[in-house]
Every structure is written in C-alpha cells, then in structure tokens.
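Enquirer: requesting a structural model of the entry that follows:
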Amino acid sequence: MAKLYFYYSAMNAGKSTNLLQSSHNYQERGMKTLLLTPAIDERAGIGKIASRIGLEAGAETFHQDDDLHALVEAREEDPALFGEAGMACVLIDEAQFLTRPQVEQLAQVSDDLDIPVLCYGLRTDFQGNLFPGSAALLGWADNLTELKTICHCGSKATMNLRTDEKGSAIKEGSQVEIGGNERYVAMCRKHFREAMR
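Expert: From the prediction side, this is the model:
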C-alpha cells in the first residue's frame, strides 16, 4: 500500500535536492513521476523546481483552490503522459503552501490510487508558527522525516529567521513571503530567540 510522506526542515536543508534525487531514482529505473510545485513560488521560474546546488527539473504548478486528487487522477489516466505502467510517484515541493483539504486529497491519492506521495516543505514560519500545509501533513502523513541543517553555531537549525536587507530580524508581517538566502537564515532555537528579542 502506498503512503503519504512528509520531509520537513528549516531553510537550506536540501529539501528540493532530496526531492529531485528521489524523482531521479524512480526515473533511472524506468518509472515516471509527477512533480508539483505551488504557483506562488516563482523563484526558479514558473513550473520549475530548483535546488541551491544547481539541480532543477520541470514541474506542474498548482494553486490553493486546485483539487490535487483530481489533478493526479487525470494525469495518471492520460496514456500520453504515463503510458501503461502508470505514475510511480507524486513529489510535492514547498509543501507548506498546501491547504488542509489538499493534504487530505493527497492522502486519498496514496490510499485510493495506490500512488506514493512525497511532500517536502518547511515546518514553521519566521515566527515559529506552523504553516497550514505543514500542520496538516504532521497530522495526516504516514511517515515523517526531518531533514537537518545547521545554525551558524553548529547546532541543529530548526527555526527560520526572516531578515531585512541589513540582516536584522523581522518580527512581524505576512506569514508568506517568498525568498531564499537573501531573506531567511536557518537557526537553532536559542539563536532564533536571541535574534527575535
């Protein structure tokens, strides 16, 4: 039976790299994968998943009002896309931007269509609050795996500090602000708390 997986971490832990490697592993064995990325994140370009180390692949974009079970089912049934062998796996980048209904739809993909779904995303925002998609995945996923990165002190980083152009901590604002190394720093909780004082 297929499962719903959630691989989570702070910024810069290699989530997209792991996703692209997983997809490559399937494809290397002649299996086809469906890569999905939220339309809101255009840092690598529309319909692209890219890692900081230079790996990238094309992906289909989705919006928060899309029914992901219906989307996956339609693609899986299209013989021009996946042939007789069907879809081997669905991989979701930036999974923190999923809605709770979409997480439930992805659980339905693994349960009813018997297709594994691998989701990669942040656990918390710049204030230490769970993203809606991450909260739903923590509750609904069959397997939870933390991908690790480090703080400047060498301890495990679990928090995401949002910074301004001078590198100072930003304490308030919208939960979603797309950015990379120029806006966010992964930190251990101790240094995150110090920066937020």
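
Enquirer: residue 13 against residue 151, yeah?
Expert: No: if you go by Cβ atoms under 8 Å, residue 13 and residue 151 don't touch, sitting 11.6 Å apart. Every residue, glycine included, has its C-beta placed from N, CA and C.

Enquirer: what's across from residue 156 in the sheet?
Expert: Assessed by DSSP bridges, residue 156 has beta-bridge partners residue 150.

Enquirer: mind showing which ranges of this protein have poor pLDDT?
Expert: 42-44, 173-182 (pLDDT under 70).

Enquirer: quick check: neighbours shared by residue 13 and residue 151?
Expert: Common neighbours of residue 13 and residue 151, using Cβ atoms under 8 Å, 6 or more residues apart in numbering, are 157, 186.

Enquirer: show me where the protein has helices.
Expert: 15-28, 68-76, 79-82, 100-112, 132-140, 189-196 (DSSP state H).

Enquirer: dump those helices to JSON lines, plus mean neighbour count and distance to residue 166.
Expert: Shown next, in JSON lines, are the helices of the chain (neighbours: other Cβ atoms under 10 Å; distance: least, Cβ to Cβ, whole Å):
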{"stretch": "helix 15-28", "mean neighbour count": "18", "distance to residue 166": "27"}
{"stretch": "helix 68-76", "mean neighbour count": "17", "distance to residue 166": "39"}
{"stretch": "helix 79-82", "mean neighbour count": "11", "distance to residue 166": "47"}
{"stretch": "helix 100-112", "mean neighbour count": "20", "distance to residue 166": "36"}
{"stretch": "helix 132-140", "mean neighbour count": "20", "distance to residue 166": "29"}
{"stretch": "helix 189-196", "mean neighbour count": "15", "distance to residue 166": "13"}
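
Enquirer: okay, those helices in TSV with distance to residue 37 next?
Expert: As requested, those are exported to TSV (distance: least, Cβ to Cβ, whole Å):
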stretch	distance to residue 37
helix 15-28	9
helix 68-76	12
helix 79-82	17
helix 100-112	13
helix 132-140	13
helix 189-196	27
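
Enquirer: quick one: closest of the ones you listed to residue 126.
Expert: Closest to residue 126 of the helices of the chain is helix 189-196 (Cβ to Cβ; 9.2 Å).

Enquirer: what helices and strands are in contact with that closest one?
Expert: strand 159-162 (3 or more Cβ pairs under 8 Å, 6 or more residues apart in numbering; DSSP states H and E).

Enquirer: what's in contact with the strand it packs on?
Expert: Looking at what lies outside strand 159-162 - Cβ under 8 Å, 6+ apart - the contacts are 10-11, 122, 124-126, 128, 169-170, 173, 177, 179, 183-189, 192, 195-196.

Enquirer: write the PyMOL selection for whichever of those residues are buried.
Expert: To isolate the buried members of these in PyMOL, using 16 or more other Cβ atoms under 10 Å:
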select buried, resi 10+11+122+124+125+126+169+170+183+184+185+186+187+188+192+195
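
Enquirer: having no further points to raise, I will conclude here.
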